[in-house]
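S.K.: Below are the sequence and a predicted model; questions follow.
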Amino acid sequence: MANVPEIFGSMVFNDQKMQERLPKATYKALKKTIQNGEPLDLSVANVVANAMK
């Protein structure tokens, strides 16, 4: 059975939406964090959280 919240989230705030809604520097920092498994910087997290609202 599919994980409904995960599927919903992937369609609502996907990579395309992140590029559209995040400042370029924040988007790059977030992608680097995801790709390299680095800790998420608090300032990046705050910008992402605001963009998701």
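M.R.: Yes, it's here. Numbering: from 1, shown residues only.

S.K.: quick one: buried residues of the biggest helix by length in the chain?
M.R.: When the chain is parsed with DSSP state H, its longest helix is helix 24-36. With burial defined by 16 or more other CB atoms under 10 Å, the residues of helix 24-36 counted as buried are 26, 27, 29, 30, 33. Yep, even glycine has a C-beta here, placed from its N, CA and C like the rest.

S.K.: cool, stretch 43-51 as well?
M.R.: Using 16+ other CB under 10 Å as the test for burial, stretch 43-51 gives 44, 47, 48, 51.

S.K.: Where does the third one fall, secondary structure wise?
M.R.: Put plainly, it is residue 48. According to DSSP states H and E, residue 48 maps onto helix 42-52.

S.K.: now that helix against helix 24-36, angle please.
M.R.: Going by axes from the mean of the first three to the mean of the last three CA atoms, to 10 degrees, helix 42-52 is angled at 110 degrees with respect to helix 24-36.

S.K.: quick one, what contacts residue 40?
M.R.: Contact partners of residue 40, counting by CB atoms under 8 Å, 6 or more residues apart in numbering, are 30, 33.

S.K.: actually residue 51, sorry about that
M.R.: With CB under 8 Å, 6+ apart, residue 51 has these contacts: 13, 18, 21, 22.

S.K.: for whichever strand or helix holds the second one, packing partners?
M.R.: Counting by DSSP H and E, the element that carries residue 18 is helix 15-21. Applying 3 or more CB pairs under 8 Å, 6 or more residues apart in numbering; DSSP states H and E, we find helix 15-21 packed against helix 24-36, helix 42-52.

S.K.: now it, how far from the centre of its chain.
M.R.: Computed by CA atoms, centre = their mean, to the nearest Å, the chain-centroid distance of helix 15-21 equals 8 Å.

S.K.: picking up where we left off before, just name the closest of the buried residues of stretch 43-51 to residue 9, please.
M.R.: Closest approach between the buried residues of stretch 43-51 and residue 9, by CB to CB: residue 48, at 12.7 Å.

S.K.: And residue 13, what's its pLDDT?
M.R.: The model reports residue 13 with a pLDDT of 82.
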